[in-house]
Structures are given as C-alpha cells and as structure tokens.
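Trainee: Compute the structure for the input listed below.
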Amino acid sequence: MHIIITIGSWALIILLFLQPGTAHKGAVEGMRIFTTSLLPYLLPYLVITQMFIRSQNTFLHTKNKFKLYMNVYILSAIGGFPSGAAVISSLKEMGTLNERNASWLLGICHAPSPMFVIGFVGIEIFHAEFAGLKLLIIIHGINLLFLLVFIFFSKPIQQNDYKASITVSPFQESIKETSQILLLIGTTVIFFTTVSIIVFESVKEVLPSISPLLLVFVASFFEMTGGISLAGEILAGKASLPFIVAIIIAFSGISIHMQIIVLAQKARISIKRYILFRFLHMLIIPLFFII
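Mentor: Okay, the predicted model is just below:
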C-alpha cells in the first residue's frame, strides 16, 4: 500500500507540473462545487444536528436499541453523506455509541441527501423528478432493511465507559465541530475535483479515441458530483444513463470515502464494515433501480 501511495503521489506531482492550467481549472471547479452546491446546505444542517446531539435530548439518549438506531438513521438520512458519518462519529466520541455499533451504523447509514437525489439527479440529470424519488426510495429501502437486520441481531446497547461532560455551550461547541467538518469536506472536494480533472484531461490526450463511458467512470471515481454531471452531458437521452448514475451514487467516489474515513478515524471507528456495505450497494442499488 505504501508503494502504491508513493507512486500515485509522484504521478500526481508530475501531472501538476505538466498541466498547471488544468490544475487551476480543477481547483476552481472544486471551489465552485463546495461553495455553491455543498456549503449552503451542509452548514446549517451540521450546526443544528451538532447542537441537537449535545443538548442531552432523550431523542438520542435511550437504552432502546430500536429507537436509538432508527433516530440516528433519521438524522443521517436527512443530511446525507458525510453528515451521517459526522453524527455517528460525534455520538461515538460522546459515549452514546460504542465502537462496534458505530462501525455498523457507519456502513448502513450512508445515503445522499434527498435534495441532491431528487433535485440535482432527478430534475437536472434525469429530467424526471419521479426518477430521482424512485432512486432515493430504493437506497433508503435497502439501508433500512440492513438496519432492521442489524437491530434484530445486535446485542443490547452497550455504551462507551467514557461519558462526555455536559456541554456548557452547545452552540459554541457545535460551531467549532462544524468548522472542522466543513474544512475537511471542502479540502477533499477541491483536491479530488482537481485530481479528477487532471486525470480526465490526461486520459483524453493520451487516448483521444477512448470511450465516453470510460471517461465518465474516470471522473466519477474521484468525485461523484462532477462524474454525474459529465454522465448527464455525455449520456443524455441514452437508456444506460439511469443505470450508470445509480452505480456512481452507490460507489460515491473517493472524495466522499476520504471524508468519511477521516471522520471515522478521528473517532476511532473501524471502516471494515463501511467498505463491505459500499460493495453491497454497488451490487444491489443499480439492479433494483433499472427493474
């Protein structure tokens, strides 16, 4: 793994020197995606949820495992990724969730926000709001099935021995935590959008006759939003568009994975189950969507 990272880093450094204009273009595009598509929605939601989980509200402080895990899922579903991971990591650090349960929930409570799927994907990409709603229902239906199985077989709630002290100022703590989360999200989005565009342009130069579908997957591998936008342009009107977009959303992109992995590592949560569920999503969601 160390060798792969080293080779990849040197390859990116060389590409950055060879294509400074493209790198700048990618960074600007990453800034645009973060400031116009992510920040306006994530900022208020993250502040509110961080305040909510720090207020000692009975909504998240219960020994009833069904109630606790369903409530965590509701918070995650409303905000979408990586907001769900932020909620779960915060609850783990506060002692509400132990490492094992947080690890399972990190893998299960992973879904894009309703606004993104219905608004951006449904209306702008599919030009059909119902198609976006259908995709959202499939994603949450599969997740809820996994969640119910987990709840049924899980042991009674065993919280961490460590209990965080009651926050003197929930608003101040929520602002502090939100700023750190947004810095993480902004950095990863800008970086991987830059990498995506550099690799995308390099592949087009080296292989000018490459399939447009492969270009879509190259872009989507690093950053989901940009990949979906490209798919909407290249595959507009084609029957394969819904299936391809479903695969992209199920995979989510390296940018989102890195955001969630960093949040998980910060709270010392294992990511093995998260990786397992991403493979399951890629196998199940696209098949159900095209049926």
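
Trainee: for this protein, what's the longest helix?
Mentor: In the chain, assigned by DSSP state H, the helix with the most residues is helix 170-206.

Trainee: just checking, next helix/strand downstream of it?
Mentor: Next in sequence after helix 170-206, counting helices and strands by DSSP states H and E, comes helix 212-222.

Trainee: ok and whichever helix or strand comes after that following helix relative to helix 170-206, angle-wise?
Mentor: Following helix 212-222 in sequence order, the next helix or strand is helix 224-234 (DSSP H and E). For helix 224-234 against helix 170-206, the angle by axes from the mean of the first three to the mean of the last three Cα atoms, to 10 degrees is 40 degrees.

Trainee: now helix 224-234: mean pLDDT?
Mentor: On average, the pLDDT along helix 224-234 is 87.

Trainee: by contact count, what packs against that helix?
Mentor: helix 170-206, helix 212-222, helix 241-251 (3 or more Cβ pairs under 8 Å, 6 or more residues apart in numbering; DSSP states H and E). Backbone N, C-alpha and C define where each C-beta goes, glycine included.

Trainee: for the first one, packing partners?
Mentor: With contacts defined as 3+ Cβ pairs under 8 Å, 6+ apart, the secondary structure elements packing on helix 170-206 are helix 2-18, helix 20-32, helix 39-53, helix 83-94, helix 212-222, helix 224-234, helix 254-266.

Trainee: please redo it, this time with the cut-off set to 7 Å
Mentor: helix 2-18, helix 20-32, helix 39-53, helix 212-222, helix 254-266 (3 or more Cβ pairs under 7 Å, 6 or more residues apart in numbering; DSSP states H and E).

Trainee: got the angle for the fourth one vs helix 20-32?
Mentor: Relative orientation of helix 212-222 and helix 20-32, computed by the same axes, to 10 degrees: 60 degrees.

Trainee: which residues touch helix 212-222?
Mentor: Helix 212-222 is contacted from outside by 192, 195-196, 199-200, 203-204, 226-227, 230-231, 234, 244, 248, 253-255, using Cβ atoms under 7 Å, 6 or more residues apart in numbering.

Trainee: quick revisit: tell me the angle of the longest helix of the chain relative to helix 2-18?
Mentor: Helix 170-206 and helix 2-18 are oriented at 70 degrees to each other (the same axes, to 10 degrees).

Trainee: Name the residues of helix 170-206 that are buried.
Mentor: Buried positions in helix 170-206, judged by neighbour count with 16 or more other Cβ atoms under 10 Å: 170, 173-174, 177-178, 181-182, 184-202.

Trainee: from the chain's centre, how far out does it sit?
Mentor: Relative to its chain's centre, helix 170-206 lies at 12 Å (Cα atoms, centre = their mean, to the nearest Å).

Trainee: again with stretch 270-289
Mentor: 13 Å.

Trainee: I'd guessed A250 sits against F289; true?
Mentor: No: the pair A250 / F289 is not scored as a contact, 9.1 Å apart, by Cβ atoms under 7 Å.

Trainee: Name the helix or strand for K67, please.
Mentor: Using DSSP H and E, K67 falls in helix 65-79.

Trainee: Could you tell me how many residues sit around K67?
Mentor: When counting by other Cβ atoms under 10 Å, one arrives at 15 neighbours for K67.

Trainee: how close does it get to I248?
Mentor: Computed with Cβ to Cβ, to the nearest Å, the distance linking K67 and I248 is 34 Å.

Trainee: hang on, the earlier thing: comparing the helices and strands packed on helix 170-206, which yields the minimum mean pLDDT?
Mentor: Lowest mean pLDDT within these: helix 2-18, a mean of 75.

Trainee: Summarise which helices and strands that helix is packed against.
Mentor: Looks like helix 2-18 contacts helix 170-206 (3+ Cβ pairs under 7 Å, 6+ apart).

Trainee: The helix it packs on to helix 254-266, inter-axis angle?
Mentor: Going by the same axes, to 10 degrees, helix 170-206 makes 140 degrees with helix 254-266.

Trainee: Helix 170-206 versus helix 39-53: what angle between them?
Mentor: 140 degrees.

Trainee: Which residues does stretch 25-32 contact?
Mentor: For stretch 25-32, contacts defined as Cβ under 7 Å, 6+ apart pick out 189-190, 193-194, 196-198.

Trainee: Could you do stretch 199-207 as well?
Mentor: Outside of stretch 199-207, the residues within contact range by Cβ under 7 Å, 6+ apart are 15, 19, 22, 210, 215, 218-219.
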